[in-house]
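1. Okay, here's the prediction I keep looking at, along with the sequence it came from:
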Amino acid sequence: MTSSPAEEPTSRSGIGNGRRPGTIPADDQEIDFRKYIDGAAVLGAAANVIMQLASPGVGYGVLESPVDSGNLTKHPVKRTRTTLTYLAVAMLGTEPERIAYRRAVDTSHRQVRSTAQSPVRYNAFDRNLQLWVAACLYWGARDLRDRMRGAIDPEIQAAIYRNSARLGTTLQVPPDMWPADEDAFDRYWAENLARTKIDPPVREMLDEIVDLRMFPRPVQLLGARFNRWVTAGLLPPHLREEMRMRWSDRDERRFARMLRVLGRVSSVLPTALRCFPINAYLLDFRIRRKLGMKLV
């Protein structure tokens, strides 16, 4: 089995050539990207975790990780803060902030590598694996936003796509590994999604996350069924089948209606409210950094 959804690193003449990772192209500097970030994306958290871990190298890397403090099933609040802070810093932070967070994440990633007993070979610094994680974050956010609020102006969407390269470059992904445009991205996505699979040990861990078993029993009773339904609705059909989740035409119609209602509500909210909790995690990061606290 391969340790990555892509067999070999792909070099493309996409964004970022001749530019430091994470910098905003001159044509995009006047765009307020906060207008296009929606805190409702947290609804897709579990679905995005599944997409990421469906790459065997990522899945077993998380399953076997010795970094106990980052274990979602043991420390759900801390792990959620780490992930959402990463999104906030990557998309809304400054370049020095992205560099600082990359260094903090690297400290944890150094410990994550396969052993002789691992079913697949993996390394948390594998750029192909990191590219897949970044692609999942981008695809999930775009899919949810389009289903809630419809497609946006093509020029704005192109700028958002270019700057979404930071989801990878804030890790170790070179800018020229990010597909050159959305057509190239969609080809990359389709090719690599087809290679994903979820082995039983990884599925068991993901079921624990989807059913909120890491939270107290009252939280499970109140939210697990809804979380499983939303997660199933946001997964590509292939991964829904890999997770053995049920989904009907009726579910699809109900889910589409719910997302359209959320989109209408979201569209009239002030930017600060619509960005919550992403903006709150960015503020938390800045306070932690200023006080010299641990960032991850």
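-> Yep, it's here.
2. For the stretch 1-150 of the chain, just list every one of the helices.
-> 45-53, 56-63, 76-92, 95-109, 127-149 (DSSP state H, counting those that start in this stretch).
3. Out of those helices, flag the one nearest Met214.
-> helix 76-92 (4.6 Å; C-beta to C-beta). For glycine as for every other residue, the C-beta is placed from the backbone atoms N, C-alpha and C.
4. Just the residues contacting the closest one, thanks.
-> 22, 33-34, 37, 42, 45, 69-72, 97-98, 101, 105, 137, 163-164, 166-167, 170, 214-215, 277-279, 281-282, 284-285, 295-296 (C-beta atoms under 8 Å, 6 or more residues apart in numbering).
5. how far off helix 127-149 does it point, in degrees?
-> 90 degrees (axes from the mean of the first three to the mean of the last three C-alpha atoms, to 10 degrees).
6. count of neighbours near the closest residue to Gly93 other than its chain neighbours?
-> Nearest non-adjacent residue to Gly93, counting by C-beta to C-beta, 6 or more residues apart in numbering: Leu282, 6.4 Å away. Applying other C-beta atoms under 10 Å, we find 21 residues neighbouring Leu282.
7. what helix or strand is Leu282 on?
-> In the assignment (DSSP states H and E), Leu282 maps to helix 278-291.
8. Which elements pack onto that helix?
-> In this structure, helix 278-291 makes packing contacts with helix 76-92, helix 95-109, judged by 3 or more C-beta pairs under 8 Å, 6 or more residues apart in numbering; DSSP states H and E.
9. Nearest to Arg264, out of these?
-> Closest of those to Arg264 is helix 76-92, at 23.8 Å (criterion: C-beta to C-beta).
10. what angle separates that closest one from helix 95-109?
-> Using the same axes, to 10 degrees: helix 76-92 against helix 95-109 is 140 degrees.
11. before we move on, back to that, who touches the helix holding Leu282?
-> 34, 37, 39, 41, 81, 84-85, 87-89, 91-93, 97, 100-101, 272, 293-295.
12. Tell me, how many residues neighbour Tyr281?
-> 22.
13. Is it correct that Leu131 is in contact with Val173?
-> Yes - at 5.1 Å, Leu131 counts as touching Val173 under the criterion of C-beta atoms under 8 Å.
14. can you name the farthest residue from the center of this structure?
-> The C-alpha centroid of the chain is most remote from Ala116, which lies 28.7 Å away (C-alpha atoms, centre = their mean).
15. re the thing from before, as JSON lines, the helices and strands packed on helix 278-291 with distance to Leu259 would be great.
-> Below are the helices and strands packed on helix 278-291 laid out as JSON lines (distance: least, C-beta to C-beta, whole Å):
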{"stretch": "helix 76-92", "distance to Leu259": "20"}
{"stretch": "helix 95-109", "distance to Leu259": "30"}
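16. Of these, give the one that comes closest to Ile209.
-> That would be helix 76-92 among these, by C-beta to C-beta, at 8.4 Å.
17. Now the closest one: buried residues?
-> For helix 76-92, the neighbour count (16 or more other C-beta atoms under 10 Å) marks 76, 79, 81-92 as buried.
18. the inter-axis angle of it versus helix 45-53?
-> 80 degrees.
19. now helix 76-92: mean pLDDT?
-> For helix 76-92, the mean per-residue pLDDT is 85.
20. what's the angle between that helix and helix 278-291?
-> Going by the same axes, to 10 degrees, helix 76-92 makes 90 degrees with helix 278-291.
21. coming back round to it: for Gly292, see how far away the residue farthest from the centre of the chain is.
-> Ala116 is 39 Å from Gly292, where distance means C-beta to C-beta, to the nearest Å.
22. Now do the spatially closest residue to Tyr101 that is not a sequence neighbour against Gly168, distance only.
-> With sequence-adjacent residues excluded and distances taken as C-beta to C-beta, 6+ apart, Tyr101 is closest to Val89, at 4.7 Å. Distance, Val89 to Gly168, by C-beta to C-beta: 13 Å.
23. Show the secondary-structure elements that the helix or strand where Gly233 lies is packed against.
-> Per DSSP H and E: Gly233 is located in helix 217-234. The helices and strands touching helix 217-234, judged by 3+ C-beta pairs under 8 Å, 6+ apart, are helix 45-53, helix 127-149, helix 200-210, helix 249-267.
24. Please tabulate those helices in a markdown table, including the columns mean neighbour count and distance to Gly233.
-> Shown next, in a markdown table, are the helices and strands packed on helix 217-234 (neighbours: other C-beta atoms under 10 Å; distance: least, C-beta to C-beta, whole Å):
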| stretch | mean neighbour count | distance to Gly233 |
| --- | --- | --- |
| helix 45-53 | 24 | 8 |
| helix 127-149 | 21 | 9 |
| helix 200-210 | 17 | 12 |
| helix 249-267 | 13 | 4 |
